[in-house]
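In: Next one to model:
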Amino acid sequence: MCLAFTGPFIDLDQCPRCGEDHWDQKRSTLQKKVAQQKFDTYPIGPQLQALWQHPDHAKKMRWHEQHTQEILEALGMTDGIPDVYEDVLHGKQYLDACQLGKIKEGDPILMFSIDGAQLYESKQLD
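Out: Numbering: from 1, shown residues only. Below is the predicted model of the structure:
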């Protein structure tokens, strides 16, 4: 399937690029259409709140604080140039945000990585 049937494509029955059906012909009926594929979303807020409720998970959620301090101390001894980039915590934007107080002690760090997906080809910039 070439695209997600959302936005301007929500009412289409077939993909305009490859012609593949939006609806599963075996599971759909005249009364109910069943999509071939679906994508579930899980709100991140409740997931993070649940992790903070368990002491072991809460401790793991703060691992970056100790490592960030070690990195900042090491950078102070090497004129701000890391010997090695081991993790995202060595990234300039992250370290700048910590030093500027944008990321504070106790703040959870949430990372999102996506490769090549563009869900809204026709979406205008915000």
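
In: switch to C-alpha atoms for all contacts and neighbour counts from now on
Out: Noted.

In: Give me the neighbour count for His22.
Out: 22 (other Cα atoms under 10 Å).

In: quick one: which helix or strand includes His64?
Out: helix 63-77 (DSSP states H and E).

In: next structured bit after that helix?
Out: helix 92-99.

In: gap between that next one and the chain center?
Out: 19 Å (Cα atoms, centre = their mean, to the nearest Å).

In: tell me the residue furthest from the middle of this protein?
Out: Leu30 (37.2 Å; Cα atoms, centre = their mean).

In: Could you verify that it is part of a strand?
Out: No - applying DSSP: H, G, I helix; E, B strand; the rest coil, one finds Leu30 to be coil, outside a strand.

In: Angles on the backbone of it, please.
Out: Main-chain torsions, Leu30, degrees, to the nearest 10: phi -60, psi -30.

In: thinking again about what came up before, any idea how far the helix holding His64 is from the chain center?
Out: 25 Å.

In: Next, the angle from it to helix 92-99.
Out: 100 degrees (axes from the mean of the first three to the mean of the last three Cα atoms, to 10 degrees).

In: Now helix 63-77: average pLDDT?
Out: Throughout helix 63-77, pLDDT has a mean value of 90.

In: What is the burial count for the closest residue to Val34 other than its chain neighbours?
Out: Leaving aside its chain neighbours, Val34 sits nearest to Ser28 (5.0 Å; criterion: Cα to Cα, 6 or more residues apart in numbering). Residues lying near Ser28 (other Cα under 10 Å) number 13.

In: Name the residues of the helix holding His64 that are buried.
Out: Residues of helix 63-77 classed as buried: His64, Glu65, Thr68, Ile71, Leu72 (neighbour count, 16 or more other Cα atoms under 10 Å).

In: Would you mind listing the residues in contact with Pro108?
Out: Met61, Arg62 (Cα atoms under 8 Å, 6 or more residues apart in numbering).

In: Thanks again, I'm all set now.
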